[in-house]
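Peer 1: Generate coordinates for the sequence data below:
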Amino acid sequence: MSKKWIIYGANGYTGTLMAREAQSRGLTPFLAGRSKQKLLPLAQSLNLEIIEFDLEDRSRLNKIIADFDLVLHSAGPFIHTFEPMLQACLGGGTHYLDITGEIPVFEGCFAHDKEAQEKNIAIIPGVGFDVVPTDCLAVYTAKKVKNPTDLEIAFSTSSSASRGTAKTMVEHLRFGVQIRRDGKIEKLSSGKQARRIRFSDKERHVLPISWGDVATAYRSTGIKNITTYTSFPSRFINHYRWVEPITRGMFSLASTRRLAQKWADKNVTGPDAKTRERAQSHVWCAVSNAAGETAEAWLETVEAYKFTAIAAINSVESVLNNEIRGTLTPAQAFGENCVLRVDGSRFLDAIG
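Peer 2: Here you go, the predicted model:
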């Protein structure tokens, strides 16, 4: 692959994993971010080049991005960073990929579909664990029922969050839980719909959360009613029913979010290498239609951050080697079987 591309935010936890994955395949991305000093150790270890720039310097940003074929954006929370990078990509005719799971970011990207097609570029947000496994399973399951109207999807992963993921969660707690009803995004009090779901390995307690599939599965499947869940310990669910409204109110304050972000910077590191190799992730999906017909399917795959590194670089290679244009979900861009390109992934139509 001779085309030039960038990993922006390469010195972060997930950015580092993606850079290592790319280098292991013989690829040579430029490692980019705000601090040359922070990028240098990784660049030297991988023998890759560095570009230092800040997203707030729009003039320099636009000039740099126009010189590249693709950006893999990994500097979150994306609600604060996607717009300047996306605008630079649109202006420079540069493909835009990111690893967001944030509903407002997906919706913002889809608003630029026409412009992306006119510029002859691909805009594909969510090419990591957010949301490749869930997007692909949603499409896979939706095909089992004629004219599906409702979709529920849940995931469970046994590894901890990275610093970037924790900071993104802090930013979005104030918005509450978002679902889709009759094609429109609505808010839901998460503590009111706790339930148990049978994953392929065991049954787990889950709560509704705001996950990217509220935006992406709507485009991938056309289903207008979507709820997304993730697993939590039962003791957490019992308490969260009461503290969720208080938590949402607290995190609506900028001062609370700043304190939480600082805490995450000092205390959150992400799963270690042993955990990434050992842990697994499980996804469940159910669809139904107006006639009462239902279908379920399951997906098993590797640890979430390991998955992201592999899937994101798979996506880069696919975009640079194929004619993919417009704003698309991962399943739209690469097909629902793209998840199976990550070793250790498999669909299940039934479980014991």
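Peer 1: Which SSE is immediately downstream of the host helix or strand of residue 16?
Peer 2: Following DSSP states H and E, one finds residue 16 within helix 13-24. Sequence order places strand 30-33 as the next helix or strand after helix 13-24, per DSSP H and E.
Peer 1: quick one, helices of this protein?
Peer 2: For the chain, the helices defined by DSSP state H occupy 13-24, 36-46, 58-65, 78-92, 103-110, 113-119, 132-142, 163-172, 213-221, 234-250, 254-267, 273-278, 304-321, 330-334.
Peer 1: what bits of the chain have low per-residue confidence?
Peer 2: In the predicted model of the chain, residues 1, 160-175, 189-192, 235-246, 248-249, 251, 260-261, 264, 268 satisfy pLDDT under 70.
Peer 1: How is it partitioned into domains?
Peer 2: 5-128+305-335, 132-302 (automatic domain parsing).
Peer 1: returning to what we had before: show residues contacting the helix holding residue 16.
Peer 2: Helix 13-24 has contacts (Cβ atoms under 8 Å, 6 or more residues apart in numbering) with 7-10, 28-29, 31, 33, 42, 46-48, 72, 74-75, 99, 128, 162-164, 269-270, 305-306, 308-310, 312-313, 316. (Glycine included, C-beta is placed from N, CA and C.)
Peer 1: Name the residues of that helix that are buried.
Peer 2: Going by neighbour count (16 or more other Cβ atoms under 10 Å), the buried part of helix 13-24 is 13-19, 21-23.
Peer 1: Could I get the helices of the chain in CSV, plus columns for distance to residue 193?
Peer 2: As requested, the helices of the chain are arranged in CSV below (distance: least, Cβ to Cβ, whole Å):
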stretch, distance to residue 193
helix 13-24, 30
helix 36-46, 41
helix 58-65, 42
helix 78-92, 25
helix 103-110, 18
helix 113-119, 32
helix 132-142, 18
helix 163-172, 18
helix 213-221, 14
helix 234-250, 10
helix 254-267, 25
helix 273-278, 30
helix 304-321, 23
helix 330-334, 26
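Peer 1: Give me the buried entries from the contacts of helix 13-24.
Peer 2: 7-10, 29, 31, 33, 42, 46, 48, 72, 74-75, 99, 128, 162-164, 270, 305-306, 308-310, 312-313, 316.
Peer 1: and residue 317, how many residues sit next to it?
Peer 2: 15 (other Cβ atoms under 10 Å).
Peer 1: same deal with residue 225?
Peer 2: 17.
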